[in-house]
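*Asks:* Here is my input, please return the structure:
(chains A and B)
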Amino acid sequence: MFVWGQSWEKSMMNCETHKADMWVPPPLSNVSFAPNSYPLFSHNKVSIFFCKMDVTLGLLADSPAGHGDAGGGVPSGGSTTARPILTGSKEDNNKNSMVMSSEVTSSYPVVVDQNLNDLELGLGLSIGCGLKSKGWSQYARILTAKDFPTCKQNSSSSSSSVSIPNSGTKRTATDSVSPPNCTSVVGWPPVSKAHRMPSLANEIKSPNGNLISITEQNKSKIRTIGIKDCSKKKYQSVKVNMDGSLIGRKVDLNVHTSYEMLAQTLEQMFFRRRSSTEAAKYSRLLDGTSQFVLTYEDKDGDCMLVGDVPWQMFLSSVKRLRIMKNSQSNELAPRFQENNERHRTDAV
Amino acid sequence: MGFPEEVLEHVFSFITSHTDRNVVSLVCKSWYEIERWCRRRIFVGNCYAVSPAMMIRRFPEVRSVELKGKPHFADFNLVPDGWGGYFYPWICEMARAYPWLEEIKLKRMVVTDDNLELISKSFKNFKVLVLSSCEGFSTHGLAAIAANCRNLRELDLRESEVEDLSGHWLSHFPDSCTSLQSLNMSCLSSEVSFSALQRLIARSPNLKTLRLNRAVPLEKLSTLLRRAPQLVELGTGAYSAEIRPDVYANLTEAFSRCKEVKGLSGFWDVLPSYLPAIYSVCSRLTSLNLSYATIQSPDVTKIITQCPNLQSLSVLDYIEDTGLNALSLSCKDLRELRVFPSDPFVANANVSLTEQGLVAVSEGCSKLQSVLYFCRQMSNSALTTIAKNRPNLTCFRLCILEPRAPDYLTFEPLDVGFGAIVEHCKQLQRLSLSGLLTDRVFEYIGKWAKKLEMLSIAFAGDSDLGLHHVLSGCDSLRKLEIRDCPFGDKALLANVSKLETMRSLWMSSCSVSLGACKRLSQKMPRLNVEVIDEQGDLDSRPDNCHVEKLYIYRTVAGPRFDMPSFIRTMDQNPTYRS
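*Replies:* Numbering: from 1, shown residues only, chains lettered A, B, ... in the order given. All right, here's what the predicted structure looks like:
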């Protein structure tokens, strides 16, 4: 179990039972390993992540080529075979490093091996600070909370500046400077085509006949409900009956954002023969020119005309909808239920 | 070894696993010979690792061939069009050499209508065709299969991209075809002739798996179900219709007759009012795929709480933490969970699904082995809890939607959390990482993940040391895919021999230089080091420039020649000088 601090000693001891060269990259000709640098994160305090084994591991006698040195990694200085720092008797060195770890506090990376004449490294919070290798200084700095603009705020709405800056990861200058975010990176998140379908496949028509994606659907839901409202009904489906029709329907009010949209949906549901051009105009259910009138039953049982109150208020009080013949619209008093028992045959 | 050949052959016939077969063939020459003549099933994990001629030469009596083509990252548009993976050379040779071939299973390969027609006409006893995430063919090819394969048992087009010209292909199944056991046409969009479908189902008494496409209307589902009450796996079409009592009643009754149904899928455009129709089968369900169902948490929960025998669940993140909590309490037999994002391209959470849902499932479902989880926040403590709860995990794929997102509680990297996963889950075979990760996590992986076979890394690590830890430590590693990580030449060049023990390595948007690719290729003649660079002429690039994408795989077939101009196999000429 890797826990910072105390158990590093334990993990060091565990490591010793493994092959010594597990922690050490094999000797390579003409290639030197660049030292590690670990990102330093700060959220009101500095905490440093590194592995003592890796500190010894990464600091080679050869001049570090630095990660910015691209290519096959042949240092032009013609250095000799790169060797891991734990040279000579590996057992000895391991013991040294063991000793080192128990002596040194966990806060600072320290170089103890005397063989590192060529390596310039100073004590410091940042491993990379003392190194002359190019391209490293940018990777070791203390990050503060402000480097994570969106982490703390779940409700932040700017999706363009969503991501964590690149510090802590090594990228060369040729790589893109701007950090990736959810929307601009190819192939991320890794959702295969088959599972990208839900957002495309479940489309509903907006009032002007355009397809809107489920994203829009969700957004409208969020607008009308509010994200943090725990008592929200995400799915507010009410029954709709039309006078003279035996078949009742159901409509999800949360999908709609206005009376106009609701009326369009109902018109499409019940008055199929209307042409699409008519659908583009104002709904006739609401403007009184149709022979039908859209009414609803509120939570008190009263039959009300749709459109009188603000949309949100309507959503919170509507129980079911009824498309009433215009001739009866003056008689809004009659109990809604009586009429329903005569006309309605709902399935569910 | 004094047994007669027939006896050994008989013994070998009980050895079905590919790995075991391979081991048997290495015992001695005579066993190699006997084994190769009686091998009936071949699996080629990388279609470029071996040539069709080699396969046919060694195994002359094969009945089933399974091939995989493109790298896995092709699913996420990282592999450019024209990359390869053509089935053509294989079918040409197999048509000639394997007249008794019965099964072809392809994944991520390019298959044409001509190929399909050749299949349909070359193999008299052809039974099984599975095209998984394939492309390049149209419904005309399917018509040829339907028309000519007299004994077709299985036609499975899962997630393939098919040029859907018409639904008429289904009508090409002759009336005499009664052998169908499995039909998966869920990826098609065109409407097929309903009467043809109905008649096909009616005359297929052994039909066990039927996955309809979205165009099959819900009103007609009951008609089909009534003709196939023996179905074990059903994929519905669109799951909504006008609310009509007769439709609902018919559907409920039809489902209640399906006493054998164990798996359900489909559920496009769900109208929740119709969901209760499936309740009668819920208690027997072992597999449920609701990953296309945009239904909210209460409706999902209502279903899953009625499925106590559920072993595999795929669902959208609409299920939310509350639904996952209910899952953890109701489905104690759960082995596999996949939670897909409903709105993956939006930074802010549209649903209340967090790490808590997964923690709950890890606590409640003791048999959980396989996880694919998309979410927007994760913490080291949650990952550690999950690891300790479920040391029996074999597949753990976590995708935090935001690249490099840290532990949302402490803002630290998620190294410790993933470290706990690999430390506790000793049988872990597949791992996908995400979130903010330093080289530390790779140290843990190299140290603990000894059974790991497939590792996917994105936006992680600090230096070559990270990659080195993986290549030097993961003894069982077969497939490694990396994108957008600061890994360069050193780790690769320090671990060249490791690469030959693996099937493949994919690296894109990393820091590997062209020169290193050339050197790697020279050192390892049995690796194909393919550089993909859509920007321009590779020949004129300097050696220290970084390559866009790199695909390295072991092969005994040498370099391939079916590549577009922007893909180049690094020259293996030993006299090459960089």
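*Asks:* Secondary structure of B:L398: a strand, I assume?
*Replies:* Yes. Assessed by DSSP: H, G, I helix; E, B strand; the rest coil, B:L398 belongs to a strand.
*Asks:* Just name the shakiest helix or strand of chain B by mean pLDDT.
*Replies:* Across the helices and strands of chain B, mean pLDDT, DSSP states H and E gives its lowest value to strand B:567-569, namely a mean of 89.
*Asks:* What strands flank that one, and is each parallel or antiparallel?
*Replies:* strand B:527-532 (antiparallel) (DSSP bridges).
*Asks:* Show me what the mean pLDDT comes to for the partner strand.
*Replies:* Strand B:527-532 shows an average pLDDT of 95 in the prediction.
*Asks:* do stretch B:2-14 as well
*Replies:* Taken as a whole, stretch B:2-14 carries a mean pLDDT of 89.
*Asks:* Relative to the whole chain's centre, how far out is that stretch?
*Replies:* Distance, stretch centre to chain centre, for stretch B:2-14: 35 Å (C-alpha atoms, centre = their mean, to the nearest Å).
*Asks:* Need the contact partners of that stretch.
*Replies:* Applying C-beta atoms under 8 Å, 6 or more residues apart in numbering or on different chains, the contact partners of stretch B:2-14 are B:R21, B:V24, B:W31, B:I34, B:E35, B:W37, B:C38. Every C-beta, even on glycine, is put in place using the N, C-alpha and C of the backbone.
*Asks:* Also near chain A: which of those, exactly?
*Replies:* Residues of the contacts of stretch B:2-14 in contact with chain A (C-beta under 8 Å from any C-beta of the partner chain): none.
*Asks:* of those residues, buried ones?
*Replies:* Among those, those classed as buried by 16 or more other C-beta atoms under 10 Å in any protein chain shown are B:R21, B:V24, B:W31, B:I34, B:E35, B:C38.
*Asks:* ok, the first one - contacts?
*Replies:* For B:R21, the contacting residues are B:F12, B:I15, B:E35, B:R39, taking C-beta under 8 Å, 6+ apart as the criterion.
*Asks:* That one and chain A: what is the separation?
*Replies:* Using C-beta to the nearest C-beta, to the nearest Å, one gets 31 Å for the distance from B:R21 to chain A.
*Asks:* could you say which helix or strand contains that residue?
*Replies:* Using DSSP states H and E, B:R21 falls within helix B:18-25.
*Asks:* Following the strand or helix carrying B:L455 in sequence, what is the next regular element?
*Replies:* Per DSSP H and E: B:L455 is located in strand B:454-458. Remark: after strand B:454-458, the chain's next helix or strand is helix B:464-473, criterion DSSP H and E.
*Asks:* Run the angle between that next one and strand B:454-458 for me.
*Replies:* 180 degrees (axes from the mean of the first three to the mean of the last three C-alpha atoms, to 10 degrees).
*Asks:* and helix B:464-473 with chain A, contact?
*Replies:* Yes. On the criterion C-beta under 8 Å from any C-beta, helix B:464-473 is in touch with chain A at B:D464, B:L465, B:H468, B:S472, B:G473.
*Asks:* Measure how buried the residue nearest to B:L188 when sequence neighbours are not counted is and give me the count.
*Replies:* Once flanking residues are discounted, B:L188 sits nearest to B:N213: 4.6 Å by C-beta to C-beta, 6 or more residues apart in numbering or on different chains. Neighbours of B:N213 under the rule other C-beta atoms under 10 Å in any protein chain shown: 23.
*Asks:* and what of A:G301?
*Replies:* A:G301: 10 neighbours (other C-beta under 10 Å).
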